[in-house]
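J.: For reference, the sequence and a predicted model appear below.
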Amino acid sequence: MSTTRPAPPAAGAPPEASSSSGTLGPAPASAPRRTPSGGLGALRRELRRRAVRTRRLTTRLAARAVAAWRSSLHVRIGAITMLVAGTVVVIVSLVLFSQIREQLLSVKEQAAIDQVQTGVIYAQTEVAGIAAGDSASVRATLDRTVRQLRESSGPAGDFEVVMVYRTGDSERPPAVSRRGIYPAIPAELRVQVASGGQYAQYAMVPDGSGQPRPTYLVGAPVPTGAAGAEQIELYYAFPLDQEAESLSLFRTTVVISGIALTLLVVGIAVLVTRLVVDPVRQAAGTAQRLAEGQLEERMAVRGEDDLARLATSFNAMADSLQRQITQLESLSQLQQRFTSDVSHELRTPLTTVQMAAEVLYESRADFPPHVARSAELMHTELDRFEVLLTDLLEISRYDAGAAVLDGEPTDLGALVRRVAAGMSALAERHGCRLTVSGPAQDVIAEVDARRVERILRNLVGNAIEHGTGKPVEVTWAANRTAAAVTVRDHGVGLSPAEAQHVFDRFWRADPSRVRTVGGSGLGLSISLEDARLHGGWLQVWGQPGAGAQFRLTLPLTAGTDLTSSPLPLRPAALRPPGGAR
C-alpha cells in the first residue's frame, strides 16, 4: 500500500462553504441625502479628536507598563515566568498533540486497511463468474455487494462503499452506498487503483448534508477471475469525524490545562518573589525614612532565616548610624556654638585693638621707619581679622538657621555695574581689564541687594586674583522667570576635581599662592549659602589653562522654582587670552 498526497476535491464536489443568508440585490431606490460640508468637517474633527485620544491613551498605557517593568520586581519576574512557562507549555502541547494525532491516524489507517482487505475478499466471492454482457446482472451484483459490505461492521468505524465496473475504456455507473461520494474521490487515486494495487489518500468528502468532511479513502482492485478487459474497483470512505472530535477535545483540554498551569507557575513565582521582595521593600522604606532623619526607624525581625538575619544586621547598622549621627550633630552644634561665641567674644577686644591701631597708624609719620612699618602691617592685618570674624559670624547664622532674606525689587544691571566700579581699582593693580555687558533694558528681580552684591564681589574678586592679568568678563541676562550673572576669567582654571571642592569652607586650589584680596576661605561658601537663600543656583565651570566661569542664577520673583538659566554655564567658545568682548 502507498499513500498519495492529498488532492483538491473534484469539480463536482460540494463547496466547503456556501452562503445561505440570501442573495444580494440592488438597494431599494430612495431619495439622495445631502450632507452639509460643515457636518463633514465636524465629523472629521471628531474622528481626529478620537484618534488623538486613543493615541494618548495608548502612549500612557505603554508608559505605565514600561514604568511598572522598571520599578517592580514582581512585574518583571511574573512576566518572565509567564513567557518561559507559556513557551514550555506550548512546545510540550504541540509535541503531545502531534504524537496523539499520529497515533490516532495510524490506528485508523491500520483498521481501515484491514477492513478493506476483508471487503475485497468478500467482494471477490460475490462477483466471481459475473456475466459481463448482462448489464442488469452486473448492476444487481454490485448493488447487493455494496449493500452487504455497508451493513457489515468493522474496527474502523463508520464508512461508505463504492464499487466501479470497468470494461476496457468504458466505465459503468458506480454502485455507491451514498450519493456524492464517488465524484469526490480524487482522480489521482482512481488512476492509481486502476493501474492495480491498493492505495489510500486523505481528502475532503461531502457528508449527507453536503458539507465537506476530512475522510480517509482506500481503494483496491477486486480480482474477478475472468479473462478479458473487465475490472472491478472497490473504494472505502472512512470519515474522520470521531478522530477530529477527539483531537478537538484534546486540543481544548491542553489549552485550558496549559493556561491553568502557566497561571499556577506565575502565581507561585510571584508568591515566592513576594516573600523575598517584601522584606527588601521594607528595608528600602526604612532606609529612606532614616535618610529623611527618622533615626528611630527599625525593621521588624521575624523568624531566624536569612531575611531575619538581614533585618537584624540592618537594625544594627541603623543603631550604629544613629549613634554616629548623634555624635556628629553634637560635635557640629558644639563647633557652631564655639565659632559663634568666639566670634562674638573677639568682637569687643578687636574693636579696642583697632582703635589703638588706628591711633598708631595715623601717627606713623612720627615713628622711626621700622616702627611705622609695623603700624601699617598691624592696621592691615587687623582689617583682615575683622573680615574673618564677619565671615565666621555670617556662617554661624547660616548654621543656626537664623539667616533672613530681606528681598525687594532691585535692578540687577545697576547692581552689577556698581560692583564692577568698586572692583576696578583692584583690577588695575593686577593689570586686568574688567568688562561688563548685558541687556539695555532694566532687569528687576526681588532679591536681597546686600547679599547679591556680596556674591558678585566675591566672584569678581576671585576672578581678578586668579586671572593672572587676563581680562575678566561679567555678563548678565534674563528670561521670563529668572536672571543670571556670569563671571568669566581666562586664568589658571579649575580641574573637575577642584570644581567639586571650590565651595567648601577654607578650601584653596593652590595653598602656596599668596592671596592679595585678603579673604578668609569662606567667601564662596557664604556666596553659595546666599544663592540658596534666594532659591537660586551658584555653579562653576573650569578647565585647566582655559580659565573658569561662575554662574549665579536667581528667580525674578521670590519663591519661584528655577527650571533653567538664561546664560549657559560653559562658554560657547574659548576666546584667546587678551581678546576683547
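T.: Right, received. Where do you want to start? Numbers count the residues shown, from 1 in each chain.

J.: what does the domain assignment say about this structure?
T.: 53-290, 307-399, 405-555 (automatic domain parsing).

J.: Of these, which shows the lowest average pLDDT?
T.: The minimum mean pLDDT among those belongs to domain 307-399 (a mean of 78).

J.: ok now that one, how far from the chain's centre?
T.: Per C-alpha atoms, centre = their mean, to the nearest Å, the displacement of domain 307-399 from the mean C-alpha position of its chain is 52 Å.

J.: what would the domains of the chain look like in TSV with distance to residue 46 and mean neighbour count?
T.: Yep, even glycine has a C-beta here, placed from its N, CA and C like the rest. Converted to TSV, the domains of the chain look like this (distance: least, C-beta to C-beta, whole Å; neighbours: other C-beta atoms under 10 Å):
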stretch	distance to residue 46	mean neighbour count
domain 53-290	11	15
domain 307-399	56	14
domain 405-555	36	18
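
J.: Turn these into JSON lines, including distance to residue 44.
T.: JSON lines is the format used below for the domains of the chain (distance: least, C-beta to C-beta, whole Å):
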{"stretch": "domain 53-290", "distance to residue 44": "15"}
{"stretch": "domain 307-399", "distance to residue 44": "60"}
{"stretch": "domain 405-555", "distance to residue 44": "37"}
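
J.: Ok, which of those domains comes nearest residue 296?
T.: Residue 296 lies closest to domain 307-399 among the domains of the chain, at 7.6 Å (C-beta to C-beta).

J.: follow-up on the earlier one: of all the domains of the chain, which lies closest to residue 297?
T.: Between these, domain 53-290 lies closest to residue 297; by C-beta to C-beta that is 4.5 Å.

J.: okay, how far is it across that closest one, tip to tip?
T.: 43 Å (C-alpha to C-alpha, to the nearest Å).

J.: do stretch 194-205 as well
T.: Stretch 194-205 end-to-end distance (C-alpha to C-alpha) = 20 Å.

J.: And stretch 423-436, by the same measure?
T.: 12 Å.

J.: ok, and what's touching it?
T.: Identification of contacts with stretch 423-436 by C-beta atoms under 8 Å, 6 or more residues apart in numbering yields 416-417, 420, 457, 460-461, 464-465, 467, 469-475, 516-517, 580-581.

J.: Recalculate using a threshold of 10 Å.
T.: Applying C-beta atoms under 10 Å, 6 or more residues apart in numbering, the set of residues contacting stretch 423-436 from outside is 413, 416-417, 419-421, 456-457, 459-461, 463-465, 467-476, 487-491, 516-517, 578, 580-581.

J.: Filter these down to the ones in helices?
T.: Cross-referencing those against helices under DSSP state H gives 413, 416-417, 419-421, 456-457, 459-461, 463-465.

J.: I'd like the residues you listed as a markdown table, with distance to residue 276 appended.
T.: Formatted as a markdown table, the ones in helices among the contacts of stretch 423-436 follow (distance: C-beta to C-beta, whole Å):
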| residue | distance to residue 276 |
| --- | --- |
| 413 | 61 |
| 416 | 59 |
| 417 | 65 |
| 419 | 60 |
| 420 | 63 |
| 421 | 67 |
| 456 | 56 |
| 457 | 58 |
| 459 | 53 |
| 460 | 58 |
| 461 | 58 |
| 463 | 56 |
| 464 | 61 |
| 465 | 58 |
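
J.: which one of these is nearest residue 75?
T.: So of the ones in helices among the contacts of stretch 423-436, ranked by how close each gets to residue 75 (C-beta to C-beta), first place is residue 459, at 49.6 Å.

J.: show me what contacts residue 272?
T.: Counting by C-beta under 10 Å, 6+ apart, residue 272 has contacts 77, 81.

J.: That one falls within a helix, correct?
T.: Yes. Checked against DSSP: H, G, I helix; E, B strand; the rest coil, residue 272 lies within a helix.

J.: Hmm, residue 564 is touching residue 478, no?
T.: No. Contact criterion C-beta atoms under 10 Å: residue 564 and residue 478 do not qualify, at 11.8 Å.

J.: what's the overlap in contacts for those two?
T.: residue 484.

J.: does the residue nearest to the spatial centre of the chain sit in a helix or strand, and which one?
T.: Central residue check for the chain by C-alpha atoms, centre = their mean: the C-alpha nearest the mean position is that of residue 66, 3.8 Å away. Per DSSP states H and E: residue 66 is located in helix 37-71.

J.: And that helix, what does it pack against?
T.: When contacts are defined as 3 or more C-beta pairs under 10 Å, 6 or more residues apart in numbering; DSSP states H and E, helix 37-71 packs onto helix 73-127.

J.: Could you point out the helix or strand that follows the helix it packs on?
T.: Counting by DSSP H and E, the element after helix 73-127 in chain order, helix or strand, is helix 135-151.

J.: Would you mind writing the CA trace of that next one as PDB?
T.: This file holds the C-alpha atoms of helix 135-151, laid out as PDB (Å, rounded to 0.1, in the frame of the first residue of the first chain):
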ATOM      1  CA  SER A 135     -25.700  -5.200 -17.500                       C
ATOM      2  CA  ALA A 136     -28.700  -5.800 -15.300                       C
ATOM      3  CA  SER A 137     -26.900  -8.700 -13.600                       C
ATOM      4  CA  VAL A 138     -23.700  -6.700 -13.200                       C
ATOM      5  CA  ARG A 139     -25.700  -3.800 -11.600                       C
ATOM      6  CA  ALA A 140     -27.600  -6.000  -9.300                       C
ATOM      7  CA  THR A 141     -24.500  -7.900  -8.200                       C
ATOM      8  CA  LEU A 142     -22.600  -4.600  -7.500                       C
ATOM      9  CA  ASP A 143     -25.500  -3.100  -5.600                       C
ATOM     10  CA  ARG A 144     -26.000  -6.200  -3.500                       C
ATOM     11  CA  THR A 145     -22.300  -6.400  -2.700                       C
ATOM     12  CA  VAL A 146     -22.100  -2.700  -1.700                       C
ATOM     13  CA  ARG A 147     -25.200  -3.000   0.500                       C
ATOM     14  CA  GLN A 148     -23.900  -6.100   2.200                       C
ATOM     15  CA  LEU A 149     -20.400  -4.500   2.700                       C
ATOM     16  CA  ARG A 150     -22.100  -1.400   4.100                       C
ATOM     17  CA  GLU A 151     -24.100  -3.400   6.600                       C
END
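
J.: gap between the helix holding residue 66 and the chain center?
T.: Averaging C-alpha positions (C-alpha atoms, centre = their mean) puts helix 37-71 20 Å from its chain's average.
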